[in-house]
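Peer 1: build me a model from this:
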Amino acid sequence: MQDSEIARRGLVLLGCGKMGSAMLEGWLARGLPAGSVWVTDPYPSDWLAAQGVHLNEGLPHDPAIVLIAVKPQMMQEALPDLQALGNGGTLFLSVAAGITIATYETILGAQTPIIRAMPNTPAAIGQGISAVVGNALATPAHLDMSEDLLSAVGEVVRLEHEGQIDAVTGVSGSGPAYVFHMIECLAAAAEAQGLPAEMAMQLAQATVAGAGALAANSEESPAQLRRNVTSPNGTTQAGLEVLMDETTGLPKLIEATVGAAVNRSKELANG
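Peer 2: Purely as a prediction, here's the structure:
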C-alpha cells in the first residue's frame, strides 16, 4: 500500500493530541490531501479545526488505515465505534501504550490486520523513534505503510515479536524522561559549584542536546566519542571514574531504571 491508496480510501485518526497532531502535521506537509483524513477527537484544537480534514464526521466504509492515538484509559470507550471496520481490509495501527494486539483482536475481530507501535515524545518535534510489530494478518505491505506514516515524526525500527515492546517501552518510550532528569541533575550540580541557575540550565541543556546530536551523526561509537573527550588523568577521567564505578555508578543504575520500567510495562499489559 502506498500513499496513493491512503489518499483514495482514506485515513482515520482516532485521537489528535500532541502525538496525533505531530503525525498529522507531518503527513500533510508531505502531501497527503487533507480531504483524505478523518479525525475523531472530543476536544479538537483550533489548529486541527483549521487543517481542512474531516473532523468528527461519519467515517469512510473501507479506509486504508485507522491509526489509534487515544490515551489507553479512553480505549474501551473509543474502539467499539470502530468494530464495523474490523475483520476486513482496513489496517489498524496503534500508538497507544500498554494495549496488546490480543486486546485489539478481541474487540475488532481475529481477522483484523493490526500493528502495534511504540513511539516516544520527541516525535512532537520530528525527532522521535518508533518500534512496530504486527499480528499474523499484517502483511509486509501493511508494515511498509505503517513505517512510512510513522517516519513523518522520526525513525522506525521493526521488532521480531510483541514481547520486545516492553523493552522498547523501558528504553526509548520512557527514556526521554531519564534524559530530562539527567539535565536537571547536571544543572543542579553546576549550581552547587557556584554557577547561576539560568546559566547552569543552559549549559546542561546544550551539553546533552549537543552530545546526543554528535552521537547520532558521528560514524564513531558512543564509546569512542567518550574516549575522544577523556584525556589521561584529566578532568573528564576524574568525573567518569565516579560515573562508571561498577558498584555505585551509572551502568547499574540505568540497568535498574530500565528494568523497573520494563517490569511495570509488563504489569500494565497483563491488566
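Peer 1: so for the strand or helix carrying A102, what gets flagged as buried?
Peer 2: Using DSSP states H and E, A102 maps to helix 101-108. Under the neighbour-count criterion of 16 or more other Cβ atoms under 10 Å, helix 101-108 has 101, 103-105, 107-108 buried. (Each C-beta comes from the backbone N, C-alpha and C, glycine too.)
Peer 1: which secondary structure elements does that helix sit against?
Peer 2: With contacts defined as 3 or more Cβ pairs under 8 Å, 6 or more residues apart in numbering; DSSP states H and E, helix 101-108 has these neighbours: strand 91-94, strand 114-118.
Peer 1: could I get those strands as JSON lines with distance to T247, mean pLDDT and mean neighbour count?
Peer 2: Converted to JSON lines, the helices and strands packed on helix 101-108 look like this (distance: least, Cβ to Cβ, whole Å; pLDDT from 0 to 100; neighbours: other Cβ atoms under 10 Å):
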{"stretch": "strand 91-94", "distance to T247": "41", "mean pLDDT": "96", "mean neighbour count": "27"}
{"stretch": "strand 114-118", "distance to T247": "32", "mean pLDDT": "97", "mean neighbour count": "26"}
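Peer 1: JSON lines please, covering those and showing distance to P63.
Peer 2: Formatted as JSON lines, these follow (distance: least, Cβ to Cβ, whole Å):
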{"stretch": "strand 91-94", "distance to P63": "9"}
{"stretch": "strand 114-118", "distance to P63": "14"}
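Peer 1: out of those, flag the one nearest N217.
Peer 2: In terms of Cβ to Cβ, the element of the helices and strands packed on helix 101-108 nearest to N217 is strand 114-118, at 24.0 Å.
Peer 1: Provide the strand pairings for the next helix-or-strand element following the closest one, with the direction of each partner.
Peer 2: Where DSSP H and E defines the elements, the next helix or strand beyond strand 114-118 is strand 128-134. Strand pairing for strand 128-134, determined by DSSP bridges: strand 114-118 (antiparallel), strand 154-158 (parallel).
Peer 1: could I get those as CSV with distance to V53?
Peer 2: Output for those, formatted as CSV (distance: least, Cβ to Cβ, whole Å):
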stretch, distance to V53
strand 114-118, 21
strand 154-158, 22
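Peer 1: quick one: which of those strands is nearest T236?
Peer 2: That would be strand 154-158 among these, by Cβ to Cβ, at 29.3 Å.
Peer 1: for the strands paired with strand 128-134, which one sits closest to G31?
Peer 2: Nearest to G31 among the strands paired with strand 128-134 is strand 154-158 (18.7 Å), distances taken as Cβ to Cβ.
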